[in-house]
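>>> Next comes the sequence, and after it the predicted model I'd like to discuss.
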Amino acid sequence: MPPWDVFHQGIEKITGWPLGTNIIVVSFFVLLLWIPLRIRPGLGTLMNAVQIGLVENIASDLIPETSGVALRVLYVTLGMCSIAAGSGLYIGAQLGSGPRDGLMLGINQRFGTSIRLSRTLVEITVLVVGVILGGTIGVGTFVFAFGIGPMVQATLRMFRMSESGRGAGGVSSR
């Protein structure tokens with residue numbers, strides 16, 4: 001389970017709401033963290049805030065559970081590649097990042113940290129809070145937490161739509 005879902009699962013244990021509903025509610029609270037980072041939402045921000053949670057509520061019963069290690073490794077690998085590529089594409093389109101990616105971008109812009117470090121800091125922070133709230137973790141959680149930042153940084157470079165010499169959306173991709 002990725003760190004943000006560990007966090008959402010911890011909240012689920014407190015509220016009793018489905019994971020997707022928690023994703024939506026948390027999205028709007030995360031947007032409040034954008035204020036001091038001076039990040040502006042766009043159409044993509046609002047779509048991401050709602051769509052990811054709705055899809056989670058629908059898809060959670062459709063994705064089969066597996067006990068096989070090889071299939072679990074494949075799920076983690078394909079999931080991380082899909083998330084990294086999706087992040088690079090939608091942030092590169094400059095229609096507004098999702099609430100969680102906005103934190104990464106805001107930290108990058110405000111403090112001059114790399115995308116990989118910014119994303120990793122966000123992932124580790126929500127992972128720790130999620131565990132405190134009762135979320136469950138596994139090896140894939142740590143792989144995701146430490147691997148997704150470098151992957152997103154690479155895809156932002158690949159899918160950059162701006163020729164300004166900075167990453168997608170004016171984001172520094174160092």
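Cool, the structure landed.
>>> Tell me where the model's unsure across this protein.
By pLDDT under 70, the weakly predicted segments of the chain are 161-174.
>>> what's the biggest helix by length in it in contact with?
Across the chain, the longest stretch assigned as helix under DSSP state H is helix 69-92. Under the contact criterion C-beta atoms under 8 Å, 6 or more residues apart in numbering, helix 69-92 has outside partners 2, 44, 48, 66, 97-98, 101, 105, 140, 143-144, 147-148, 151-152, 154-161, 168-169, 171. Bear in mind the C-beta positions are built from the backbone N, C-alpha and C, glycine included.
>>> Of those, select the buried ones using a ChimeraX command.
Only the buried entries of the contacts of helix 69-92 go into this ChimeraX selection, using 16 or more other C-beta atoms under 10 Å:
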select :2,44,48,97,98,101,105,140,144,147,148,151,152,154,155,156,159,160,168,169,171
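>>> Now do the buried residues in stretch 20-36.
In terms of neighbour count (16+ other C-beta under 10 Å), stretch 20-36 has its buried residues at 20-27, 30-31, 34.
>>> Out of these, flag the one nearest to Leu121.
Nearest to Leu121 among those is Val30, at 14.4 Å by C-beta to C-beta.
>>> What is the burial count for the residue nearest to the closest one when sequence neighbours are not counted?
Distances taken as C-beta to C-beta, 6 or more residues apart in numbering place Pro99 nearest to Val30, at 4.0 Å, with adjacent residues excluded. Counted by other C-beta atoms under 10 Å, the residues lying close to Pro99 total 25.
>>> Met80 now?
Using other C-beta under 10 Å: Met80 sits among 18 other residues.
>>> cool, and the one 3 residues further on?
As a burial measure, Ile83 scores 17 neighbours (other C-beta under 10 Å).
>>> And for Val76?
The number of residues near Val76, taken as other C-beta under 10 Å, comes to 19.
>>> Please give me every residue in contact with the closest residue to Gly96 other than its chain neighbours.
In space, and not counting its chain neighbours, Gly96 is closest to Gly42: 2.1 Å by C-beta to C-beta, 6+ apart. Residues in contact with Gly42 (C-beta under 8 Å, 6+ apart) are 94-97.
>>> filter those residues to the buried ones?
Buried by 16+ other C-beta under 10 Å: 96-97, out of these.
>>> What helix or strand is the residue lying closest to Gly98 once chain neighbours are set aside located in?
Nearest residue to Gly98, sequence neighbours excluded (C-beta to C-beta, 6+ apart): Asn48, at 3.3 Å. According to DSSP states H and E, Asn48 maps onto helix 43-59.
>>> same check, this time on Ile24
Using DSSP H and E, Ile24 sits within helix 19-37.
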